[in-house]
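Asker: Okay, here's the prediction I keep looking at, along with the sequence it came from:
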Amino acid sequence: VLKDTLEKRGALGQIKARIRAEVFNALDDQSEPRPPLSHENLLINELIREYLEYNKYKYAASVLTSESGQPEVPLDRQFLAKELNIIEDANGKSVPLLYGIISHFLHGGKEESTQNTLPKVSLLNNPKQNLGKPPTERNQK
C-alpha cells in the first residue's frame, strides 16, 4: 500500500532517480579528465539540460551535467538562441528551445500549423553550419 501511494504521488520515481544520481556521483571517477566539449556538444547538452529542467527531471539533468562536463551554470537562453540562429515568437519563450526546434521540423518549416504546446520558431538557414556531417567534414568551404 505504501509503495502504491508513493507511486501515485510520483515520489517513488523521484526517490529512485535520486538514488541513481547519488550512486553515479559516488562511482564517478573525478581523477580521470573529461575530453574537452566541442562547441556543438556544448549546445546540444544545453538544449537537453533546458528540456530536462523544464520537465522537472532534475536528477537526470544533474547526471548529464556531471557526466558531460557541461558547466554548472546554464548558458544564457538568448545566447543559445542566437548561436542556433533561432528567432522565437512570444509563446516560444515559455518552453525549452528544443520544443520549438521539434515543432519546426514536424511541420516542415510551415509556421501556420503549429499547436499551442509547440511554439512557432524560425530556424534560419546558415550554409556555414554543416552539423549533419562529421566534425572533420564541417566548415571546409
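Answerer: That came through, no problem.
Asker: Next, count neighbours for E46.
Answerer: 25 (other CB atoms under 10 Å). All C-beta atoms are positioned from the backbone trio N, CA, C, and that covers glycine.
Asker: just checking, it touches R77?
Answerer: No - at 9.1 Å, E46 does not count as touching R77 under the criterion of CB atoms under 8 Å.
Asker: nearest residue to the residue nearest the centre of the chain other than its sequence neighbours?
Answerer: Closest residue to the average C-alpha location of the chain: I48 at 1.2 Å, with CA atoms, centre = their mean. Distances taken as CB to CB, 6 or more residues apart in numbering put L64 closest to I48, at 6.3 Å, once the chain neighbours are dropped.
Asker: what residues are up against that neighbour?
Answerer: By CB atoms under 8 Å, 6 or more residues apart in numbering, the contact list for L64 reads 45, 48-49, 52, 70.
Asker: measure it to Y51 for me?
Answerer: Distance of L64 to Y51, computed by CB to CB, to the nearest Å: 10 Å.
Asker: Now name the helix or strand holding K16.
Answerer: helix 11-27 (DSSP states H and E).
Asker: That should have said S62, apologies.
Answerer: Counting by DSSP H and E, S62 is found in helix 58-68.
Asker: and the helix or strand that that helix is followed by, what other elements does it pack with?
Answerer: Using DSSP H and E, the helix or strand that directly follows helix 58-68 along the chain is helix 77-83. For helix 77-83, the elements it packs on are helix 39-54, helix 97-106, judged by 3 or more CB pairs under 8 Å, 6 or more residues apart in numbering; DSSP states H and E.
Asker: Below-threshold pLDDT in the protein: ranges please.
Answerer: 28-32, 109-141 (pLDDT under 70).
Asker: Domain ranges for it, per the record?
Answerer: The chain is divided into the following domains under the TED database: 1-29, 37-106.
Asker: from those, which stretch is densest packed?
Answerer: domain 37-106 (a mean of 16; mean count of other CB atoms under 10 Å).
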